[in-house]
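Participant: Dropping a prediction and its sequence here:
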Amino acid sequence: MLKRALIDYLERDGVTHGLDMSTTAKRRFLETFQNLVLRPRDLPYKVMFPGPTGTNAVESALKLARKVKGRESIVSFTNAFHGMSLGSLAVTGNAFKRARQPASRWCTARRCRSTTTSTAPSRTSSGSSGCSRTRAPVSTSLAAVIVETVQGEGGINVARAEWLRALADLCERQDMLLIVDDIQMGCGRTGAFFSFEEAGITPDIVTVSKSISGYGLPMALTLFKPELDVWEPGEHNGTFRGNNPAFVTATATLETYWADGSAMEKQTRTRGEQVEQHMIAITEENLADVKEYRGRGLVWGLEFHDKGRAGRVAKRAFELGLLIETSGPESEVVKLLPALTITPDELDEGMKTLARAVRETA
């Protein structure tokens with residue numbers, strides 16, 4: 001269906017590359033995104049195309065926050081991951097990814113605790129928050145806070161809804177902007193289209209990428225409240241701020257899967273419950289070895305007391321035909337990101353393979 005929409009567009013000689021200019025494909029995507037995603041959720045966001053990748057979206061969010069507030073510092077969190085270009089790397093907490101980069105004045109973040117659901121205790125700093133501390137008063141030094149509602153690369157650390165609401169309140173009281181990085185956890189990964197919906201908050205800026213095109217084509221969005229639109233004409237431009245083939249597949253994806261957003265959300269939550277039941281079984285079978293499991297929707301992590309175990313499990317799973325990865329500051333967590341369109345039988349098969357990989361690496 002998505003491929004057919006793309007092929008039809010190309011066969012009609014639709015505009016492939018339009019720079020920053022308006023095209024029919026861009027207009028149709030914007031109308032569909034407004035009608036199926038933003039308006040039903042009463043979200044007021046303006047939509048910016050910052051470039052084709054997630055890190056482009058983060059860079060533009062940081063740049064906009066600093067311009068709006070007239071301040072330089074951005075708060076990020078221990079074990080956060082926001083990208084690999086210099087600005088987004090400055091708010092990334094992974095020590096390995098930051099190791100060979102000089103200190104940057106782009107961000108002066110405070111070392112913070114990441115927060116999880118009630119199934120796991122809050123995690124103390126691992127020494128990987130990355131940015132230096134600041135002694136300047138909050139009101140005069142900080143422009144924004146950037147946060148993932150679920151840290152993907154950081155180890156599947158799930159922020160509680162109450163904590164997110166408290167963070168949003170803190171930002172408002174301290175005159176800081178709240179940026180939610182929804183690049184990995186948005187587009188339905190946790191259930192709702194945006195991962196922050198469950199908390200009932202409206203971030204000032206949201207970054208979206210990865211799954212938004214629906215077909216693996218490069219595409220990213222930076223969403224922000226209308227009053228934050230302080231860009232001058234051409235102030236943040238770029239050659240690839242608009243990928244028309246991606247607009248076509250993104251529109252088809254929204255119309256196919258999000259015309260009835262509640263159905264897609266319900267399916268993801270149901271599949272998530274299915275994963276959790278398998279996680280319970282794996283934990284009970286390996287009670288002495290499994291430290292904990294955690295997740296939301298269709299993103300889950302499985303952590304062992306032996307920090308090297310996750311890598312061995314991923315290797316054995318690959319040998320058995322299942323592709324999974326590891327995450328966390330020491331790659332100590334098995335990370336599961338099943339396709340949102342996965343069937344119950346496929347999910348059962350994958351989870352049984354994971355259980356076998358765990359069993360055979362004991």
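Facilitator: Ah, there it is. What you see is a predicted model; the values in this text were computed from it and never measured.
Participant: If you count contacts, what does the longest helix anywhere in the chain end up packed against?
Facilitator: For the chain, the helix reaching the highest residue count under DSSP state H is reported as helix 261-285. Under the contact definition 3 or more C-beta pairs under 8 Å, 6 or more residues apart in numbering; DSSP states H and E, helix 261-285 sits against strand 290-296, strand 299-304, helix 344-359. Using the backbone N, CA and C atoms, a C-beta is placed for each residue, glycine as well.
Participant: any idea which of those is most buried?
Facilitator: strand 299-304 (a mean of 24; mean count of other C-beta atoms under 10 Å).
Participant: And that one, what does it pack against?
Facilitator: Helices and strands touching strand 299-304, by 3+ C-beta pairs under 8 Å, 6+ apart, are helix 261-285, strand 290-296, helix 309-319, strand 333-336.
Participant: So what touches stretch 35-49?
Facilitator: When contacts are defined by C-beta atoms under 8 Å, 6 or more residues apart in numbering, stretch 35-49 is touched by residues 20, 26, 30, 33, 60, 193-194, 197, 202, 206, 219-226, 229, 236, 241-242, 254-255, 258-259, 261.
Participant: For this structure, just list every one of the helices.
Facilitator: According to DSSP H, the helices that the chain contains are 2-11, 24-33, 54-69, 86-90, 95-98, 138-141, 161-173, 244-257, 261-285, 309-319, 344-359.
Participant: Where does pLDDT dip in the protein?
Facilitator: Across the chain, the stretches falling below the confidence threshold (pLDDT under 70) are 94-140.
Participant: Can you tell me the centre-most residue of it?
Facilitator: Centroid check for the chain by C-alpha atoms, centre = their mean gives residue 184 as the closest residue, at 2.7 Å.
Participant: Chain neighbours aside, what residue packs nearest to that residue?
Facilitator: In space, not counting the residues next to it along the chain, residue 184 is nearest to residue 152; the distance is 4.3 Å by C-beta to C-beta, 6 or more residues apart in numbering.
Participant: ok, now residue 289?
Facilitator: Of all residues beyond its chain neighbours, the one nearest residue 289 is residue 304 (5.5 Å), with distances taken as C-beta to C-beta, 6+ apart.
Participant: Would you mind finding the most buried of the helices of the chain?
Facilitator: Across the helices of the chain, the average number of neighbours (mean count of other C-beta under 10 Å) peaks for helix 54-69, which reaches a mean of 24.
Participant: what's that helix packed up against?
Facilitator: In terms of contacts (3+ C-beta pairs under 8 Å, 6+ apart), helix 54-69 is packed against strand 73-75, helix 86-90, strand 142-147, strand 177-181, strand 205-208, strand 221-224.
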